[in-house]
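*Asks:* I would like the atomic coordinates for the input below:
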Amino acid sequence: MDIQSPDRQVRLAVDLVNTHTRDPEQLTSPADVRAFLLEHGESDPITLADDDLAAVREVRARVREVFHADPPAAARMLNQLLEEYAVRPYLSDHDGSPWHLHVARPGATWADWMAATTALGLATFAAGHGFEALGVCAAVDCERVFANPAEKRPRRFCTPRCSSRTRVASYRARQHAQ
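*Replies:* Got it, this is the predicted structure:
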């Protein structure tokens, strides 16, 4: 449960939120949460119980709200998560691992760790890129979130696929109206 680089923290936040959109729920068991953590660089032992699944889903819901909120509300939400879950970062070499930073309390649950880590990552990202760089896909049939570090222009869609589908649907609607 070490603190990850800001890019990995933001990716963790985005991927966590996107485990449940209009697509089927991806976190249906503690084993799914374990697989998610392993995919995001955590290592065994990862032990989770059924109540951990519910707690992770609650964290996911709270992190999702950040992407939907206006900047002042999003800042309040992140500050609340940090107040509830984060601690002063500290160095650890537990279990023979190399020295690394921790941001969650010693003995924290995986849900607590996710809350602290994603809140810190999103807060750092927003401070560097602005809350406008956090978004929810504008496609009608998509609820995925994204983080856009590119400062060139704002992004409206989670993927080029959603962008293309929306443009094609708009074009067809205009053609049909003529």
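*Asks:* can you pull the buried residues of stretch 24-43?
*Replies:* Going by neighbour count (16 or more other CB atoms under 10 Å), the buried part of stretch 24-43 is 27, 30, 32, 33, 34, 36, 37, 40, 42. Backbone N, C-alpha and C define where each C-beta goes, glycine included.
*Asks:* which one of these is nearest to residue 111?
*Replies:* Nearest to residue 111, judged by CB to CB, of the buried residues of stretch 24-43 is residue 33 at 8.7 Å.
*Asks:* contacting residues for that closest one?
*Replies:* Residue 33 makes contact with 27, 48, 52, 53, 56, 110, according to CB atoms under 8 Å, 6 or more residues apart in numbering.
*Asks:* ditto for residue 142
*Replies:* The contact partners of residue 142, by CB under 8 Å, 6+ apart, come to 21, 22, 157, 158, 162.
*Asks:* please produce a ChimeraX select command covering the buried subset of the residues you listed.
*Replies:* Buried residues within those, by 16+ other CB under 10 Å, are selected in ChimeraX with:
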select :21,157,158,162
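*Asks:* of all the contacts of residue 142, which two lie farthest apart?
*Replies:* Spanning the widest gap among the contacts of residue 142 are 22 and 157, at 14.7 Å by CB to CB.
*Asks:* from the contacts of residue 33, which is closest to residue 80?
*Replies:* Closest approach between the contacts of residue 33 and residue 80, by CB to CB: residue 56, at 17.8 Å.
*Asks:* leaving out sequence neighbours, find the closest residue to the closest one.
*Replies:* Distances taken as CB to CB, 6 or more residues apart in numbering place residue 111 nearest to residue 56, at 4.7 Å, with adjacent residues excluded.
*Asks:* likewise residue 81?
*Replies:* Using CB to CB, 6+ apart and skipping residues adjacent in sequence, the residue nearest residue 81 is residue 119, 3.7 Å away.
*Asks:* grab the nearest non-local neighbour of residue 146.
*Replies:* Residue 146 sits nearest to residue 158 (CB to CB, 6+ apart), 4.7 Å away.
*Asks:* helices along the protein, start to end?
*Replies:* Taking DSSP state H as the criterion, the chain carries its helices at 6-17, 30-39, 50-68, 71-85, 110-129, 160-177.
*Asks:* just those: most buried one?
*Replies:* Stretch with highest mean neighbour count among the helices of the chain: helix 110-129 (a mean of 22; mean count of other CB atoms under 10 Å).
*Asks:* now do it against helix 30-39, angle only.
*Replies:* On the basis of axes from the mean of the first three to the mean of the last three CA atoms, to 10 degrees, helix 110-129 is oriented at 40 degrees to helix 30-39.
*Asks:* returning to what we had before: now the residue nearest to residue 146: phi and psi?
*Replies:* The phi and psi values for residue 158, taken as degrees, to the nearest 10, are phi -70, psi -30.
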